[in-house]
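Student: missing the sequence, but the structure's below:
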């Protein structure tokens, strides 16, 4: 079973790779340290404002946001 935090982490990695950016870049854009970014990406404990900015910075579509927040399930 994949938990929502793992789904978001996978999606973040894919979006970063597609954009040719790094976790360090995204951490700076979010206003957090690299260490905090790594911890949040591992435990999935993002704040709502962090998620909003993260989704915006990485160009998540509405469908991708729904998928991320529902833990990868498409039953919506």
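Tutor: Structure received. None of the values given here were measured: they were computed from a predicted structure.
Student: now for the host helix or strand of residue 25, which elements pack on it?
Tutor: Assigned by DSSP states H and E, residue 25 belongs to helix 23-30. Other elements packing on helix 23-30 under the criterion 3 or more Cβ pairs under 8 Å, 6 or more residues apart in numbering; DSSP states H and E are helix 4-19, helix 34-43, helix 48-58. Placement of C-beta: from N, CA and C, glycine included.
Student: enumerate every residue touching residue 34.
Tutor: 23, 24, 27 (Cβ atoms under 8 Å, 6 or more residues apart in numbering).
Student: now the first one: how far from residue 32?
Tutor: In this structure, residue 23 and residue 32 are separated by 11 Å, where distance is defined by Cβ to Cβ, to the nearest Å.
Student: which one of those two is surrounded by more residues?
Tutor: residue 32 (18 against 14; other Cβ atoms under 10 Å).
Student: that one is in contact with residue 40, isn't it?
Tutor: Yes - at 7.4 Å, residue 32 and residue 40 qualify as touching, with contact defined as Cβ atoms under 8 Å.
Student: output the below-cut-off pLDDT ranges for the protein.
Tutor: 1-4, 72-76 (pLDDT under 70).
Student: can I assume residue 53 is in contact with residue 30?
Tutor: Yes - counting by Cβ under 8 Å, residue 53 does reach residue 30; the two are 5.6 Å apart.
Student: buried ones in stretch 10-23?
Tutor: By 16 or more other Cβ atoms under 10 Å, the buried positions in stretch 10-23 come out as 11, 12, 15, 16.
Student: from residue 37, how far out is the nearest residue to residue 38 once chain neighbours are set aside?
Tutor: Nearest non-adjacent residue to residue 38, counting by Cβ to Cβ, 6 or more residues apart in numbering: residue 23, 7.0 Å away. Computed as Cβ to Cβ, the residue 23 to residue 37 distance reads 6 Å.
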